[in-house]
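> No sequence on hand, only this structure:
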C-alpha cells in the first residue's frame, strides 16, 4: 500500500459526500412533477417537537402532479401542523385537506419559472464545485506536507497531485451529467 493512499481515500469519501449532498439538494427542487423528496426537509410540530414529515406521515404520489400525505396519527392537530409546515415552506404549494389526508397539487410551471429553476440548479452545482475545489486543495496540501516531513518522495507527491486531479475531473463530469439531467427534467413538461 502506498503511503499516500489515506489521502486519496479521504478525498474519495469527501467527493462522494459532496455528490450525495448535490443529489439530495436537487431532489428538493420542484419540477412540475410530484416527488416525495420535495417535502423531505419539512418539519412539522408534533406535540411540541419539530419532526420530519416522513416520520409523521406516509407520502405517496397518486398522480404525476400530486402528492398525498397521510399522517400516521389521524388527529386533526397533527393534520393542521403538517398543513402549517407546508404553507411556511418555500414550495409555493397550497395544501388541500379532507380531514384525513393532505393533497399537494403541483401546478404547471411557466417558462419564466422554469428558467429561474434552471438558474438555481446551476448555482447549486457551482457551490458544490467550489466544495470540490476546496477538497482538492486540502488533499494537495496534505501531500505537500507529507513530502516536507519526508514521508513522500518528490515523485510520489507529484503522483498524488495527478491522482487528485483525475478524481476531481471524474466527479466534475458526474456533476455535469446531474446538471444536464435536472435541467432537462425542469424544461420538459
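Cool, the structure landed. Because the structure is predicted, anything quoted here is derived from the model rather than measured.

> list the buried ones in the host helix or strand of residue 169?
Using DSSP states H and E, residue 169 sits in helix 154-187. Within helix 154-187, the residues that count as buried by 16 or more other Cβ atoms under 10 Å are 156-157, 160, 163-164, 167-168, 171-172, 175, 178-179, 182-183, 185-186. (Glycine included, C-beta is placed from N, CA and C.)

> Closest one to residue 88 out of these, please.
Proximity of the buried residues of helix 154-187 to residue 88 (Cβ to Cβ) peaks at residue 186, which lies at 24.0 Å.

> my read: the closest one touches residue 121, true?
Yes: between residue 186 and residue 121 there is a contact under Cβ atoms under 8 Å: 6.9 Å.

> hey, what's in contact with both of those two?
Common contact partners of residue 186 and residue 121 (Cβ atoms under 8 Å, 6 or more residues apart in numbering): residue 29.

> now the helix holding residue 169, how far from the chain's geometric center?
17 Å (Cα atoms, centre = their mean, to the nearest Å).

> So which other helices or strands are in contact with that helix?
Where contact means 3 or more Cβ pairs under 8 Å, 6 or more residues apart in numbering; DSSP states H and E, helix 154-187 is packed against helix 5-27, helix 111-148.

> For residue 75, find the nearest of those helices.
Short answer: helix 5-27, nearest of the helices and strands packed on helix 154-187 by Cβ to Cβ, at 29.7 Å.

> in that closest one, what counts as buried?
Across helix 5-27, burial judged by 16+ other Cβ under 10 Å covers 7, 8, 11, 14, 15, 18, 19, 22, 25, 26.

> what does stretch 35-50 give?
Residues 35, 36, 37, 38, 39, 42, 43, 44, 45, 46 are the ones in stretch 35-50 that count as buried (16+ other Cβ under 10 Å).

> And stretch 109-120, by the same measure?
Buried-residue list, stretch 109-120, by 16+ other Cβ under 10 Å: 109, 114, 117, 118.

> residue ranges with poor pLDDT in the chain?
Within the chain, the ranges that satisfy pLDDT under 70 run 30, 32, 189.

> gap between the residue lying farthest from the centre of it and residue 126?
Residue farthest from the centre of the chain, counting by Cα atoms, centre = their mean, is residue 150 at 40.1 Å. Distance of residue 150 to residue 126, given as Cβ to Cβ, to the nearest Å: 39 Å.
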